[in-house]
Each structure stands twice: as C-alpha cells, then as structure tokens.
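>>> Quick one: sequence and predicted model below, then my questions.
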Amino acid sequence: MRLKALALAVVPAAFLGVMAAAPTASAWSSANCPVGSFCVWPEYWYGDTDMTPSLATETEWSGTAPGHIFYNNTSQDMTMTYAITADAGQGPTYTTCVNAVSGSYFTMPMTVTALTWREDDGTPCY
C-alpha cells in the first residue's frame, strides 16, 4: 500500500519537473523569423537556432507544414488551423489564436494547415 501511495506522489512531482524545464515563448523569437512573418519550425529545440522554418509567411496562407514550434512575428493576431500529424489528415482540425509577437510549441508533432488574420470580435486572444 505504501508503494502505491509513493507512486501517486512521485508522478505529479515528475510532471512539474518537466513543465519547469520547458522554455518560455520569448526564447523562440529566432533571428530566422523576420519581423512581419509568421514562422513554423518542424522540430523542437531550445533557444536560438539557425534551423530553416518549414513555413515563413507574411500573408494569410493555406497548405501543409510540419510543426513543433510556431512564432507570430507580426503586429496582428493570427488564427492558426492545425491537425495532429499522426492522424494523417483523417482526424479533426483545431484552431487557435496566436497573439502578435508571441509563440509557443506543440507537445506532439502537428501539421499547420492555414493561417488567417484574426478578426477582432471582442474576445481575447490567449
């Protein structure tokens, strides 16, 4: 019984350790994402990199681009549409609002399929 209680206590602590090790979005304003562009990178990395983005666009866009990290280096919020890569285009698509001059990462490989300028309907963009 003590072993089960110990295991239940260790799992949340391990999860918090992984979350604490994750980089902040500010680390992803890489020099290879020019001002005015929305960039997506195909692999996960820490800090600055010279890795070529799988997508770098200054306009609305549609297609397919593999993604682990994304950065909106524009002055406008964008709506990003994406799907889980493992679903091979057969699963659902998702949308999220990406604030201007900010970025984040996916916890699993995704395929970005569209970027559109966000129409401000009064709801916050997180």
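Okay, I see it.
>>> C-alpha from now on. contacts and neighbour counts both.
Will do.
>>> In this structure, mark out all the strands, start to finish.
Per DSSP state E, the chain carries strands over the ranges 37-41, 55-57, 61-73, 78-84, 93-98, 102-117.
>>> now for the ones you listed, which one comes closest to P124?
When these are compared by Cα to Cα, strand 93-98 sits nearest P124, at 8.9 Å.
>>> what is the most centrally placed residue in the chain paired to in the beta sheet?
By Cα atoms, centre = their mean, the mean C-alpha position of the chain lies nearest to Y105, the distance being 3.1 Å. Bridge pairing for Y105 (DSSP bridges) gives the partners I69.
>>> so who does it touch?
Residues near Y105 by Cα atoms under 8 Å, 6 or more residues apart in numbering: 44, 68-70.
>>> Rounded mean pLDDT for stretch 87-105, please.
Per-residue pLDDT over stretch 87-105 has a mean of 90.
>>> Please name the nearest non-neighbouring residue to E43.
Spatially, and ignoring its direct neighbours in sequence, E43 is nearest to H68 (5.3 Å; Cα to Cα, 6 or more residues apart in numbering).
>>> Hmm, the one you found is touching P53, no?
No - applying Cα atoms under 8 Å, one finds H68 not in contact with P53, separated by 10.4 Å.
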